[in-house]
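Student: Let me see the structure of the following:
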Amino acid sequence: MIARDPKDPRDATLTWQPVEGADGYVVRYGIDPDKFYNNYMIYDAYSLTMHSLNRDEEYYFEVEAFDSGTDYYRES
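Tutor: Modelled structure (predicted):
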């Protein structure tokens, strides 16, 4: 879900459902649906507030979950 601040459209808050087993998320965005040239990497959260958008521009977003691909160390 994306909520853009009506008082200051440079701000937007994205929230998403957590993915089981994910270590973090990559939030990609851009002004064209095929060109996500900017991104944020998020750990331990399911939302992101951005304060750097252009006022009159329409943006497209994509959130991708990732994991490290290895098990955490656990003592036997």
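Student: Near Ala65, how many other residues are there?
Tutor: Using other C-beta atoms under 10 Å, Ala65 has 16 other residues around it. The way it works is simple: take the backbone N, C-alpha and C, and place the C-beta from them, glycine included.
Student: Could you say which helix or strand holds the residue nearest the centre of the chain?
Tutor: Closest residue to the average C-alpha location of the chain: Val27 at 2.8 Å, with C-alpha atoms, centre = their mean. Here Val27 sits within strand 24-30, counting by DSSP states H and E.
Student: Any idea how far that strand is from the middle of the chain?
Tutor: Its chain's C-alpha centre lies 4 Å from the corresponding centre of strand 24-30 when counted by C-alpha atoms, centre = their mean, to the nearest Å.
Student: so what does it touch, helix or strand wise?
Tutor: Secondary-structure packing of strand 24-30 (3 or more C-beta pairs under 8 Å, 6 or more residues apart in numbering; DSSP states H and E): strand 38-42, strand 60-66.
Student: Let me know the angle separating it from strand 60-66.
Tutor: 160 degrees (axes from the mean of the first three to the mean of the last three C-alpha atoms, to 10 degrees).
Student: Next, format the helices and strands packed on strand 24-30 as CSV and append distance to Asp5 and mean pLDDT.
Tutor: Formatted as CSV, the helices and strands packed on strand 24-30 follow (distance: least, C-beta to C-beta, whole Å; pLDDT from 0 to 100):
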stretch, distance to Asp5, mean pLDDT
strand 38-42, 17, 97
strand 60-66, 15, 96
